[in-house]
Structures are given as structure tokens and as C-alpha cells.
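1. only the shape, not the letters, is given here:
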């Protein structure tokens, strides 16, 4: 036992041990917390996304189907290999699934599927909807699929002597199913499983391990899972080609079972629409300036409260007057010139001591309270579909709207697209949690712009949407060439009132014009963009080459501010 003298001579020893203990405890707690969080996320996926797949009636008891699905989901979707600390104990619970799991882990399609799931969670879930039924079928119906009237037709292509491996595998499959049937469903609940090891003289764990010691068992299982590998390879191939499009469709049509409809991506009615999706997505990706604008619009930002702005002498934005002071920071040039003359130099120091130096009196804005956090809310996008927007501006408008829609849907934020031209041309497309007009949105991408331009109707529509419950506090984005004016003064006045009431921001994206037209009076941020045809001329794509961001305040206190 350590004496008090030893403790006094070496006090760090005790504290070091205590620190190590605390560090170990914190590490364990963090590990438990992460494990608990991962378990909850997996359970949520099983309940929300894989419920119908797991619930489909089978010979395998549902609790065991859920446990197998949990293991596969952890490995594929969350990139967390299920740790098997005691193979024998694992086999006592899962039986023949143990060699199947190890074979899957070492197969070629396995890392490909995990890679796809890492890129897209929705694609990973679609892959699980294909993979899990195939695993269940191997566990349930392998012996039925592997025999024929001619006798072991399944063994064609395998080495001689595989019939013994086939029979042994069929036997451990039967015993596995028998074990699951005889084990009460209550024993499967929770994370600890209590199963019966022996059925008569048959020891399942020993039989499975003995099967895995046989030469050629790996080749046998690879052959047994050929159909599974082929299905997964087909799925991965389709996803690699259409992953971004799949994600977009999964967001637009969340209730659709895309795992069984991947090949529909190349069929009507989606083929033409998907071609347009590809074109507009490609245009957006090669337009870095456009990406910056979309990134900025609708972001979470700190807003100075306009109702708490005061003019302060500590600000330096504005010259208010000239005054006497003892400060040299804001001297008039004529006072500083005294320092160049030996006689006037004494006068300068005398005036400074008496506080009689002529100085500028500066004022600036000062905020009397903390900034408000403007949360990420809904978005209303108003798109000018007049004839002057045909061609390159049309491509830019659709690309920006598509990019914004994908972002809003991914962030689970409501969005409304309002298409306007003349007074008789008006269409609203809502993409909200309560109403998804996905078909109309895809049709909008095929829509050819044409007609006149009426900002009055557009502003009235935007104002009406801003008052709706789901879109109160929404930011608004106008996409237009600015070739129109606002003649309705009442609409402008209502806009100013609505912006203050709902704390809304108005953005204008002006295409191919140097003026914002009637939008200049209501826009908080105006982006002027210039277009030119792609030098490569590939498919008539258009490229954004420059943009200037201008903040146009609603009041006239400050001039136009150029944003960096």
C-alpha cells in the first residue's frame, strides 16, 4: 500500500491513476452513447423503410428476420461491420446464416453495394430491399431450388464430390429453421438471445463449423449465391449510372418503391424527363458562380434587427460634422499640416491639450440588441417564363430551380415554384411535406418558355403565397431578365409591409440584363448574371461566366452596397 510519504513525494501518481480511470470511463460512456445512437438509427430504418420487406410472410420467424436485417443494415448502410466475438455463440443463434454472412463479406458485390450506400442513403436502402429477400430465400428454399428430377442438377459446374457438401448444407439449413421454429418469439426480443444448443444428438454449432472446415465449401456457397450476386451487380450498375437521378426521384416520389423500379429509369414516362434532369444538373455543376448564388440563397444567417438600429458616435460610416477634440484619429488635414512647421507645431500640441483640434465627427449604425437568427425556412421561387427568357436564360432558370428543389427536399423544407408570364399565364407547383406536385415539377423541366411579362401578377401571387401558413417567413427568389416594370403601387406597399411582418428576404436573379426593372424596389439582394454559349458547343450547353451581387436596401439611407 502506498504510504502518505510516497504520496507527498509523488503526488502525480494518484492523480494520474484517477485521470486514467476518468478518461477510460468517459471513453466507455462515449462508446455506449454512439452504440445506442447507431442502434436507434438502425431501428428507425427497419421500421420506416424496410418494414414491408421484413414483414413479408416467410418460414423464418419475424424476430429473426428483423435481427438478420439489422446486421445487414449495419454493414451496408452505416458501414459498421457486426462484431462476432464468439462464433460458436453466434451460430447457436443464427445457425447457417453464419457462413452465408462471411461469404457475403468476402464477395465482390459487397464492397460495391457499401460504396453506393455511402454515396446515397436512399440507394443503399433500395439495395437492402433487393438483398434481404434473396438472403431469406437462400435460408428457406435452398434445398427446393437445388434439386431436380435428374438429381442434383444444381451441382453442374462444381467439382466432383460436391454432393456431400450440398447434403450437409441442406441439413444445417433444416436444423437452423427447426431451431428458430422451436425457439419462442419472446426469446428473440432484445439483444441477448437464449437458444437451445442441442436437438437430440445434433449440435448445430459443431455441424456448421465442421461444414466450414470442408474443402470446397467456399466454392459451393459462391455457386449457391450466384443469383444474389447477379441481382446486386445489376443494381449497382444501374445506380452508378443514375445515382444522382435516383436521389432526385426518391426525394420527389418518397412513397414509391424504387428498389423494384430501377430499370424504369430508362423507360417512359421518366426517360425524357430524366434526360432533362441530367442536362440541367450538368449545367449547374459546371457553373461555379451559379452554385455560389444557390448556396447563399435561403441559408441560415444572423440578421441585425432593423427595429433596433441606432446611430452611434462609435460608428464610422458617415461624416456628421466638424468639431473640436483632443483626438488625432479623425484630424482635419489642415491641423495635421501644423506639425510640419516648428512654430505651429507648438500650437498643435497646445490645442491638443486644450481639446481644440479640428476633427471630423463620425456617426455609424449601432445595434442595440443581439442579432436574430433567421432559421432555414421555406422558399418561394418565381420564374419568368416569358418569350424573352427562351434559350440560354431558360436553361439557367431551370437549372437553378432544380438545384434549389433538390436542396430543399433533402433538408425537408417546403418550397413553391410559381411560373409567371402574362396575366393569363400563371402556374403554381408546390413541393411541401403536405403536398408534392412532383409530376408537374418534372413537366416544368420540359416546358418551353413563351409569352409576355407581367410583374404585377407575379408580385401579387408571391404576396398571396407568403401569407399562407406553410410559407410564412419564406424567402423569395425571382428569376427573370428584368424586362418589366411594376405599375401597381399598392402591391409594392403591401410587399414592404409583408417583408417586415414575416421577416422575409427577397432575392432577384437577373439574366442577361443590367437592370432589375420593377424588382429593384423590393429586392434585398440582386444578382446580375451574364451568359455565353459553351466554347465546346457540346449539346448547346450554356455556361455562366460572371456575376455581380448587389444588395439593394428597401430604404434610401444607404447607397447600393456591392457584396463580396
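-> Yep, that arrived. As the structure is a computational prediction, the values presented were derived from the model and not from experiment.
2. going by C-alpha atoms from here, please, whenever you check contacts or count neighbours.
-> Noted.
3. quick one: the strands in the stretch 51-200 of the chain?
-> 198-199 (DSSP state E, counting those that start in this stretch).
4. so, low pLDDT: which residues of it?
-> For the stretch 51-200 of the chain, the stretches with pLDDT under 70 are 142-161, 184-200.
5. check the stretch 201-350 of the chain too.
-> Within the stretch 201-350 of the chain, the segments meeting pLDDT under 70 span 201-202, 255-271, 298-318.
6. now the helices for it?
-> 204-213, 217-224, 226-252, 270-285, 288-296, 333-336, 342-354 (DSSP state H, counting those that start in this stretch).
7. next up, the contacts around the residue most central in space within the chain.
-> For the chain, residue 410 is the residue whose C-alpha lies nearest the centre (C-alpha atoms, centre = their mean; 4.8 Å). Applying C-alpha atoms under 8 Å, 6 or more residues apart in numbering to residue 410 gives the contacts residue 251.
8. helix, strand, or coil at residue 417?
-> Secondary structure, DSSP: H, G, I helix; E, B strand; the rest coil: residue 417 is strand.
9. that one and residue 378 touch, don't they?
-> No. In this structure, residue 417 is not within contact of residue 378 by C-alpha atoms under 8 Å, at 11.3 Å.
10. tally of neighbours for the closest residue to residue 225 other than its chain neighbours?
-> Nearest residue to residue 225, sequence neighbours excluded (C-alpha to C-alpha, 6 or more residues apart in numbering): residue 138, at 7.8 Å. Neighbour count of residue 138, defined by other C-alpha atoms under 10 Å: 19.
11. cool, and residue 287?
-> The number of residues packed near residue 287 is 17, by other C-alpha under 10 Å.
12. where along the stretch 251-400 of the chain do the strands fall?
-> According to DSSP E, counting those that start in this stretch, the strands that the stretch 251-400 of the chain contains are 301-303, 309-312, 318-325, 357-367, 372-374, 379-384.
13. before we move on, the earlier item: separation between the residue nearest to residue 225 and residue 132?
-> Counting by C-alpha to C-alpha, to the nearest Å, the gap from residue 138 to residue 132 is 10 Å.
14. one more: residue 32?
-> 28 Å.
15. for residue 427, same thing?
-> Applying C-alpha to C-alpha, the value for residue 427 to residue 132 is 43 Å.
16. neighbour count winner among these two?
-> Set residue 427 next to residue 132 and count neighbours by other C-alpha under 10 Å: residue 132 wins out with 19 against 14.
17. what's around the closest residue to the more buried one other than its chain neighbours, how many residues?
-> Of all residues not flanking residue 132 in the chain, residue 69 sits nearest, at 6.7 Å (C-alpha to C-alpha, 6+ apart). Residues contacting residue 69 under the criterion other C-alpha under 10 Å number 25.
18. and residue 69, what does it touch?
-> By C-alpha under 8 Å, 6+ apart, the residues touching residue 69 are 46, 54, 132.
19. could you report the neighbour count for the second one?
-> Spelled out, it's residue 54. So residue 54, with other C-alpha under 10 Å, has 23 neighbours.
20. would you mind measuring from it to residue 422?
-> Applying C-alpha to C-alpha to residue 54 and residue 422 gives a distance of 53 Å.
21. which residue is most remote from the mean position of the protein?
-> Relative to the mean C-alpha coordinate of the chain, counting by C-alpha atoms, centre = their mean, the farthest residue is residue 343 (71.6 Å).
22. which SSE is residue 409 in?
-> Per DSSP states H and E, residue 409 falls inside helix 392-410.
23. mind listing residues that contact stretch 472-479?
-> Contacts of stretch 472-479 (C-alpha under 8 Å, 6+ apart): 298, 377-384, 397, 462, 465-466, 502-511.
24. run the last query once more with 6 Å
-> For stretch 472-479, contacts defined as C-alpha atoms under 6 Å, 6 or more residues apart in numbering pick out 377-383, 466, 502-509.
25. likewise stretch 427-445?
-> Against stretch 427-445 from outside (C-alpha under 6 Å, 6+ apart): 252, 414-419.
26. just the buried residues of those residues.
-> Buried by 16 or more other C-alpha atoms under 10 Å: 252, 414-419, out of those.
27. can you lay out these as CSV showing distance to residue 215?
-> Shown next, in CSV, are the buried ones among the contacts of stretch 427-445 (distance: C-alpha to C-alpha, whole Å):
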residue, distance to residue 215
252, 51
414, 59
415, 60
416, 63
417, 64
418, 67
419, 68
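28. tell me which of those has the lowest pLDDT.
-> Minimum pLDDT for the buried ones among the contacts of stretch 427-445 is recorded at residue 252 (80).
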